[in-house]
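Q: output the structure for:
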Amino acid sequence: MLIEALLAALANPVAPNAPACAPFLVASTVTQSAAELVASGRAHLEAGRFAEARADLERAVALDESFATSMWLLRLDVAEGRPEEVLGQLSRLRRDGQRGPDMDYSVGIALAAQCEADIAAGGGGQTGLMLQDAEGKLNAALETDPERYGDAWLVLARVTRNLGDSAGSLTAASRAAERDPSSIEAQELIGRAALGMFAARASEDPRPDEVSAYFDQARTALVHGLELAGEPGDFAGQQRVAGLWNVLGDLHAWGGDLEAARAAYGEALGWDPNAVNIGQIRGTLGEHFISALEFGEERFTARFGERDSRDATLLWWLGWALYATGDRARLDDAEAAFEACVAKWPAYINSWYWLGRIRYDQQDYGGSIAALRENWIAGRADLVASVSADGLDPDRIEYMVGWCAQRDAFDDAAFLSEVLCEVRPQEPRFWNNLGLFLRDSTAQLALTLEDDDELGWSEVQAGYERSFEAYDRALQMVPDSPAFLNDAAVLLHYYLERDYDKALEMYARAKDLAEQQLESGKLSADERPIIEIALRDAKNNSRLLREKIEKERKAAEEADAAGAGSDQG
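A: You can find the predicted model right below:
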């Protein structure tokens, strides 16, 4: 209606006795209404009501297309996560001659948001320079009109914090808190900045009163922020409360009060464990670490219940920390923590590895193997990496291989041997063991099959082929091992029933090498019986294979003769 009135006024001549300033009065009314809409839109924007903000600001721009009005739509675009797009528009406006504090404010806001996005994504080579540019632009705007650009104080506090300027961040955050006493973020930034000032001076500043003042300022701001936050029911609010408690923990840790730090970190974990760098507080708290985790888990469960999965990371660390104490009395607690962790968050697959370790220490070898299998199924590379990182772990696994072999649990023995082969692929003994246990586990499967089970017999054939491949890997590394040669030939002879000529050659070579090694006198007391057995078996197996070949040859001749007789008849 206002635009229509203005157009009508401009279209019709002014009456002779009408005030000469009438058109300007109409224009003033239009501008004032656009300003009111901008003020309403900005209020919605700062409260996070973006849809309402856009409605008001678009109406304002419809009334007044000047940059002084349209800039607030760009500010909204930045808040909604499009700083790069806004920077492009601002660059075009600058080329067209747009200058002044409105441009400084807009560019500074957009640059700051782009830097925060880059930092969240891992940073970039130009981020530091962009932060400096953002700081300069925001300071220029605020020096010109701190009221018009008042929301920039909070942004400037974040920018200077990211630049490592605690003093600058403290000043800007304090101005932001004066402007909006209800701002939780402003209180948090004051706390962080004052903590930075305290930490920088605590060990070197000769003025203890000033140092103490920074500590008190930080603590007061953080406690006030927590009072403002209350008991939030939304995830974002809970994350913010966790962040405030976490900074309070840092403050007490710097102040040397680890008990107070433990309690604060525990409260942070009790609100949102994922907002806390648990690995960092481990180094900070030392012996208080487990207590903080247990307190945090207790608070989290009481607050959100057993089904909330956000404490999965906390549970992982709790399981690890309890196990790392070496206290056998805490093994059950460590096991329960890891079990709860992987139940809530299956992606924490190396929880299965630690469950395997714990159960091994409890001499629950079957349970240990079951856990390691779960890890293998979920991610074999993850299990291999975990085992490889612990120099003692292959010995534990090899012990369980022997435990399985004693119980004819050949499938489990083969699985563990395969893990060892991937952990130490250059160890021929592991490959030979894999071949042996694949052979024996496949033979066990064959005993369970009916004659017409085609799929089952196909699996048997594949199992024997895998067994031979494992033996072959061992022989590639130790081609002069009589034991390996005999074992590989046995696969061809008794199980795959193919390549008999190759098997005979391997038996013959095993026999010759065994005789040479026994005659050399260089074998150790442990090696000699192994070579003696290989010699004995190679001789017997060679004889049996020749008999088998002869028997099969005669059977084939008889079958051919019977067939020829049938044809003649």
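
Q: okay, CA-based contacts and neighbour counts for the rest of this
A: OK.

Q: any weak-confidence spans in the protein?
A: 1-32, 124, 203, 205-207, 563-569 (pLDDT under 70).

Q: quick one, longest helix in it?
A: Using DSSP state H, we find that the single longest helix of the chain is helix 527-568.

Q: who touches the helix or strand containing Q517?
A: Element membership of Q517, judged by DSSP states H and E, is helix 500-520. Helix 500-520 has contacts (Cα atoms under 8 Å, 6 or more residues apart in numbering) with 480-483, 485-486, 488-490, 492-493, 523, 528, 531-532, 534-535, 538-539, 541-542, 545, 549.

Q: 7 Å instead?
A: D480, P482, L485, N486, A489, L492, H493, I531, L535, A538, K539, S542 (Cα atoms under 7 Å, 6 or more residues apart in numbering).

Q: those into TSV, with extra columns for neighbour count?
A: Listed next are these as TSV, based on neighbours: other Cα atoms under 10 Å:
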residue	neighbour count
D480	16
P482	29
L485	27
N486	28
A489	29
L492	20
H493	22
I531	22
L535	24
A538	28
K539	16
S542	23
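
Q: which of the residues you listed lies closest to A62?
A: L492 (86.6 Å; Cα to Cα).

Q: residues contacting that closest one?
A: Contacts of L492 by Cα under 7 Å, 6+ apart are R498, D499, Y500, A503.

Q: number of nearby residues for the second one?
A: Burial of D499, expressed as a neighbour count using other Cα atoms under 10 Å, amounts to 11.

Q: ok, the first one next?
A: Residue neighbour count, defined by other Cα under 10 Å, stands at 12 for R498.

Q: let me know the secondary structure of it.
A: coil (DSSP: H, G, I helix; E, B strand; the rest coil).

Q: list the contacts for it?
A: Applying Cα under 7 Å, 6+ apart, the residues near R498 are L492.

Q: got phi/psi on it?
A: Phi and psi for R498, reported as degrees, to the nearest 10, are phi -150, psi 170.

Q: related to what we said a few turns ago, in the helix holding Q517, what's buried?
A: Neighbour-count burial for helix 500-520, counted by 16 or more other Cα atoms under 10 Å, picks out 500, 503-504, 506-511, 513-515, 517-518.

Q: so which of these is the closest to D133?
A: The nearest member of the buried residues of helix 500-520 to D133, counting by Cα to Cα, is M506 at 75.9 Å.

Q: how far away is the closest one from A462?
A: According to Cα to Cα, to the nearest Å, M506 stands 22 Å off from A462.

Q: can you tell me the element A173 falls in?
A: Per DSSP H and E: A173 is located in helix 166-179.

Q: and the helix or strand following that helix, what does it pack onto?
A: Elements were assigned by DSSP H and E; along the chain past helix 166-179, the next helix or strand is helix 184-202. Counting contacts by 3 or more Cα pairs under 7 Å, 6 or more residues apart in numbering; DSSP states H and E, helix 184-202 is packed against helix 166-179, helix 208-229, helix 235-254.

Q: so which pair among the buried residues of helix 500-520 is furthest apart in space?
A: Across these, the two lying at the largest distance from each other (Cα to Cα) are Y500 and L518, at 26.8 Å.

Q: so who does A538 touch?
A: N486, Y507, A510, K511.

Q: one more time with 6 Å, if that's ok
A: The neighbours of A538, taking Cα atoms under 6 Å, 6 or more residues apart in numbering as the test, are N486, Y507, K511.

Q: against which helices or strands is the host helix or strand of the first one packed?
A: When secondary structure is defined by DSSP H and E, N486 falls within helix 482-490. Using 3 or more Cα pairs under 6 Å, 6 or more residues apart in numbering; DSSP states H and E as the contact criterion, the neighbours of helix 482-490 among helices and strands are helix 500-520, helix 527-568.

Q: of all these, which lies closest to P273?
A: Of the helices and strands packed on helix 482-490, nearest to P273 by Cα to Cα is helix 527-568, at 55.3 Å.

Q: tell me, how many residues neighbour A561?
A: Neighbours around A561, by other Cα under 10 Å: 12.

Q: distance of it from K554?
A: In terms of Cα to Cα, A561 sits 10 Å off from K554.

Q: what is the burial count for the residue nearest to P83 when sequence neighbours are not counted?
A: Closest residue to P83 apart from its sequence neighbours, by Cα to Cα, 6 or more residues apart in numbering: A110 at 5.0 Å. Close neighbours of A110, defined as other Cα under 10 Å, add up to 26.

Q: pull the distance from the strand or helix carrying A110 to the chain's centre.
A: A110 belongs to helix 101-120 when assigned by DSSP H and E. Using Cα atoms, centre = their mean, to the nearest Å, the distance from the centre of helix 101-120 to the centre of the chain it belongs to is 29 Å.
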